[in-house]
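1. Sharing a sequence plus its predicted fold:
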Amino acid sequence: METVVSGIRSTGNLHLGNYFGALANFIKMQHENNCYFFIADYHSLTTHPTPADLHGNVRQVLSEYLACGIDPEAATIYLQSDVHEVAELYLLLNMIAYVGELERTTTFKEKVRLQPDNVNAGLLTYPVLMAADIIIHKASRVPVGKDQEPHLEMTRKFARRFNNMYSVEYFPEPEAYNFGKELVKIPGLDGSGKMGKSEGNGIYLTDDEKTIRKKVMAAVTDTGPVEKYQELSEPVKNLFTIMKFVSRPDTIEYFMEKYNLCQIRYGDLKKQLAEDLNIFVEPLRKRIMEISADEEYLRKVVKDGADKARESASRTVREVREIIGFRPF
Ligand code: TYM
């Protein structure tokens, strides 16, 4: 039995990347392991949401987690901001995190490029808060998508540094985890890069049939293969990658063969993909609506989750304080 931690920022609705990169793996693990899943609402403050948006997003993402199958009887599901101990561990870890290494993080450099007018210190120390989230439960496995690999690398570094500095074997070094062994990157529909909230290139779990069809039919492709067994261009490869997650193997084989024989019509491929995506998303969309209407259930889940998460987090922070030398007189 391992301790597993993962989380998703509450900056918008969940898309297929979040689902297949993190959530699906977590759900598979929740009955056999000691699992913690949280909504990273402190992290979402780097984008300066209004109070109403912050609350609305948290509520929405919580409903989405539950609709996807996170079972609050099996896993501990909570809001990051309900566990104040996370903020204390974040402060303590900031003392052993160096500005140089934070500035060199690829995700930070990317943010600086994308939002030069809002390079706040929270963005710089984002990996420190993430490390606190993970090691506060002494987790060994972290189901995440490929883009989070650099953050896990830093988490291991901080855990190791803490252990070395205080000559203890206290924190385990957690690993990014995916059931299929390889960490996944779900591509977007715009031809390049990953599906993301800020990229506006995604299929959301709340998208209805019409929206899905519209998005998929507008997806970037190319002008079609001109010779047999031609290598796939990136945009077309991306469509096949998404298919792998939602379509049947024989469907994929059928279109692959058409491609290899230069007989493919991308319109047909897209129609099929849109249909398969809708079959996947529709039951989730309905369940999300049901759950988000159940105020009492949501309130209970959040309260129970906070109690359970705080039990584990406060134990760790108490022991860390002792190790560091904050001792009672
Ligand atoms: P966030 O909200 O950006 O993404 C949440 C999870 O979804 C995965 N993901 C993807 N996986 C595959 N393909 C994609 N296109 C794709 N897009 C997103 C991410 O890899 C992630 O697993 N920093 C985290 C939130 C966080 C966290 C943590 C996660 C805060 N503390 C501690 C794990 C443990 C984040 O920004 O996630």
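-> Thanks, I have it.

2. The residue of the stretch 51-200 of the chain found nearest the ligand - how many residues pack around it?
-> Scanning the stretch 51-200 of the chain for the residue nearest the ligand gives residue 145, at 2.1 Å (criterion: C-beta to the nearest ligand atom). C-beta: built from backbone N, CA, C; applies to glycine. Neighbour count for residue 145, taken as other C-beta atoms under 10 Å: 22.

3. Hmm, residue 185 and it touching each other?
-> Yes. Using C-beta atoms under 8 Å, residue 145 is in contact with residue 185, at 6.2 Å.

4. residues shared between the contacts of those two?
-> Overlap between the contact sets of residue 145 and residue 185, as judged by C-beta atoms under 8 Å, 6 or more residues apart in numbering, is given by 17, 21, 194.

5. give me the element the first one is part of.
-> It stands for residue 17. Assigning secondary structure by DSSP states H and E places residue 17 in helix 16-18.

6. Kindly export the helix or strand just after that helix (C-alpha atoms) in PDB.
-> Heading C-terminal from helix 16-18, the first helix or strand you meet, by DSSP H and E, is helix 24-29. Below are the C-alpha coordinates for helix 24-29, written out as PDB (Å, rounded to 0.1, in the frame of the first residue of the first chain):
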ATOM      1  CA  ALA A  24      -7.900   8.400 -14.500                       C
ATOM      2  CA  ASN A  25      -4.700   7.100 -12.900                       C
ATOM      3  CA  PHE A  26      -5.700   8.300  -9.500                       C
ATOM      4  CA  ILE A  27      -9.100   6.700  -9.700                       C
ATOM      5  CA  LYS A  28      -7.600   3.400 -10.600                       C
ATOM      6  CA  MET A  29      -5.300   3.600  -7.500                       C
END
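
7. ok, whatever helix or strand comes next after helix 24-29: who's next to it in the sheet?
-> The first helix or strand that comes after helix 24-29 along the chain, using DSSP H and E, is strand 34-40. Strand 34-40 has the following sheet partners, assigned by DSSP bridges: strand 3-9 (parallel), strand 76-79 (parallel).

8. average pLDDT across the longest one?
-> Think strand 3-9. Averaged across strand 3-9, pLDDT comes to 95.

9. what do you get for stretch 142-156?
-> pLDDT averaged over stretch 142-156 equals 96, rounded to a whole number.

10. which residues are contacting it?
-> By C-beta under 8 Å, 6+ apart, the list of residues contacting stretch 142-156 from outside reads 4-6, 17-18, 20-23, 25-26, 29, 97, 101, 105-107, 126-128, 130-131, 134-135, 173-178, 183-186, 194.
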